[in-house]
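Trainee: model this:
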Amino acid sequence: MKAIFILALFIGFALAKENLLKYNKTPKKQEVVEWTSVCDECEQVVQKFAEAAKDPAKMIILKEMLTALCHETDYEEECKIFVSKLDLFIDKLLPYLKNPHAVCQKFHMCSNTRIDRFHRVGVLYAKRYLNKVDGAKDLICEECQFAAHELLQVVDDHNTQVQIHDFISKNVCAHLGQYRGTCDILLDDFLPELFQELHNILSNAKQFCTDLELCTPTQVGLVAVVNMKPSQKFISQILV
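Mentor: Numbering: from 1, shown residues only. Purely as a prediction, here's the structure:
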């Protein structure tokens, strides 16, 4: 369940990178790139999710992927039970997924400056690839460190933490019937750990951006080491 939550958090980052690479494969002409907003990406995710939910073959694959992640949690059996019922939960959600924009507004993914701060890191990561294509010089390293500082403020804000906890409990756990208690337990166990882990990573903006390869060790005055840093390890676990 922990890995599932984290995966959802970074879906927007992955989509930003995917969209940019898709439309900028060749450097024949220099084009102006219009970055998609978090709201737009959320709508794309909802739409793709709804389409996949109607495809039995894709649902099987989704269950297999999520089941494989369950062993990463301290509640492996409960997680597997939840995943086994995934199609039932999604079936009840499908009527609401017909309007992606309404769904994303409900989840406060549109016109939300705090969400946009997370999104900025994803945009910078994608921008790094574009600059390799056209050879442009940029300030990505400096921008990344600034974004990390902004993210740290969001992560450390107690009111934000409470709002996230209450929102997930009310809009996710409350609709899981007999599994609501298990969901709330997982939430109480997972969120504090996630916030602390994010705090530790973002507190060292130079290392964070270096691990993302948005900065080089030379740029930020770090000595390269062989061992994987905490932020690199954390991100690699998400993306694998």
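
Trainee: any idea of the mean pLDDT for stretch 180-198?
Mentor: Rounded to a whole number, the mean pLDDT of stretch 180-198 is 87.

Trainee: tell me which residues in stretch 148-161 are buried?
Mentor: 148, 150-152, 154-155, 161 (16 or more other C-beta atoms under 10 Å). For glycine as for every other residue, the C-beta is placed from the backbone atoms N, C-alpha and C.

Trainee: F89: neighbouring residues, count only.
Mentor: The local packing count at F89 equals 16, with neighbours defined by other C-beta atoms under 10 Å.

Trainee: show me what the helix or strand where it lies is packed up against.
Mentor: For F89, the enclosing helix or strand under DSSP states H and E is helix 86-93. Taking 3 or more C-beta pairs under 8 Å, 6 or more residues apart in numbering; DSSP states H and E as contact, the helices and strands that helix 86-93 lies on are helix 38-53, helix 56-69.

Trainee: tilt between that helix and helix 56-69?
Mentor: In this structure, helix 86-93 runs at an angle of 120 degrees to helix 56-69, with axes from the mean of the first three to the mean of the last three C-alpha atoms, to 10 degrees as the basis.

Trainee: now tell me what touches the helix or strand following helix 86-93 from outside.
Mentor: The first helix or strand that comes after helix 86-93 along the chain, using DSSP H and E, is helix 100-106. Where contact means C-beta atoms under 8 Å, 6 or more residues apart in numbering, the residues beyond helix 100-106 that reach it are 39, 42-44, 46-47, 50, 96-97, 110, 171.

Trainee: what comes up buried for helix 100-106?
Mentor: 100, 103-105.

Trainee: can you redo these as JSON lines with pLDDT and distance to H71?
Mentor: Conversion of the buried residues of helix 100-106 to JSON lines gives the following (pLDDT from 0 to 100; distance: C-beta to C-beta, whole Å):
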{"residue": "P100", "pLDDT": "86", "distance to H71": "32"}
{"residue": "V103", "pLDDT": "82", "distance to H71": "30"}
{"residue": "C104", "pLDDT": "80", "distance to H71": "31"}
{"residue": "Q105", "pLDDT": "80", "distance to H71": "35"}
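
Trainee: having no further points to raise, I will conclude here.
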